[in-house]
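J.: build me a model:
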Amino acid sequence: MSIVAAIQMASGPNVGANLLEAERLITQAAAEGANLVVLPENFALMGEKDGSLLSIVEEEGTGPLQSFLAQQAARNKLWLVGGTIPLRAIATSKVRAACLLFDANGKCVARYDKFHLFDVVLPGGEERYCESLTIEPGQNIVVADTPFGQIGLAICYDLRFPELFRALVEQGMEVLVLPSAFTAITGKAHWEPLVRARAIENLCYVVAAGQGGFHISGRTTYGDSMIVDPWGVVLARLPRGSGVITAELDSDRLHNTRRNFPAIEHRRFTCKLVG
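T.: Residues are numbered from 1 along each chain as shown. Next comes the predicted model:
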């Protein structure tokens, strides 16, 4: 039996404090039997202004954030999805929002760089976001072979682009992990329908770990971290605040659902990503 945990946080501008909170919650997840743990987007830093991530950018394979993730995975003997951390981009004024997967020995076995960037004006016009000013988009989709099945990696705003998940399914995805930091406005309107839709249409588990609370920057994130099964049933959720939710990943249920309800095989059109 495999147990997955989604961790929800309300990270702030103090990296040290955020890492202490992440460590506490990872340890709690391990104590609850989790074999696979997913951290939220920007777990190490939710800065007070755009560009804050540049202050903690790391080279791939080295740096305190990557060391922290490797140590936590190895110490707790679990697989760890490291939310997102800023890694060096091609453009010197930007970072890559990288989601790293560590195995139970603390080895980084997969990296996905956020594909879709959140450049929007929210209803009312008071909240504006332009991630492309400081984040360089990724170019490759990623599915990793793990003891828990084929894990597809995606991040937050990616959730709105179903063609990405169809492409992941074509590469064998069975479990989708989704570190996020949805805004309060968009989360209230769209979060649950989108998370459940991705599970239902792809007949896969979805583990959506979010930021959830008020941040010093003035931003409020929606939270409501969820674990959803391939039939769209919400197995666990945490509406608000820091904490851990867990659920069982049942590979037999997934395979039986796909066999008995083969909607993926019934597709008449395919979506392929170019890049």
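J.: quick one: contacts for residue 90?
T.: residue 136 (C-beta atoms under 8 Å, 6 or more residues apart in numbering). Every C-beta, even on glycine, is put in place using the N, C-alpha and C of the backbone.
J.: mind checking the SS state of it?
T.: coil (DSSP: H, G, I helix; E, B strand; the rest coil).
J.: quick one: pLDDT of it?
T.: Here the pLDDT value assigned to residue 90 is 96.
J.: quick check: bridge partners of the residue most central in space within the chain?
T.: When C-alpha atoms, centre = their mean is applied to the chain, the residue found nearest the centroid is residue 179 (1.8 Å). On the basis of DSSP bridges, residue 179 is bridged to residue 209.
J.: helices of the protein, start to end?
T.: Taking DSSP state H as the criterion, the chain carries its helices at 15-31, 64-76, 162-170, 184-186, 192-202, 251-260.
J.: residue 25: what's it in contact with?
T.: 7, 9, 242, 243, 244.
J.: can you put those in a markdown table and add distance to residue 235 and pLDDT?
T.: Putting the contacts of residue 25 into a markdown table (distance: C-beta to C-beta, whole Å; pLDDT from 0 to 100) gives the following:
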| residue | distance to residue 235 | pLDDT |
| --- | --- | --- |
| 7 | 16 | 98 |
| 9 | 20 | 98 |
| 242 | 20 | 97 |
| 243 | 15 | 98 |
| 244 | 14 | 98 |
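J.: shaky segments in the stretch 1-150 of the chain?
T.: 50 (pLDDT under 70).
J.: re earlier: reformat the contacts of residue 25 as JSON lines; add neighbour count and distance to residue 70.
T.: JSON lines is the format used below for those (neighbours: other C-beta atoms under 10 Å; distance: C-beta to C-beta, whole Å):
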{"residue": "7", "neighbour count": "29", "distance to residue 70": "17"}
{"residue": "9", "neighbour count": "29", "distance to residue 70": "19"}
{"residue": "242", "neighbour count": "19", "distance to residue 70": "23"}
{"residue": "243", "neighbour count": "17", "distance to residue 70": "24"}
{"residue": "244", "neighbour count": "23", "distance to residue 70": "20"}
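J.: need the max-distance pair from those.
T.: Pairwise distances across the contacts of residue 25 (C-beta to C-beta) peak at 10.2 Å, for the pair 9 and 244.
J.: this completes my enquiry, with thanks.
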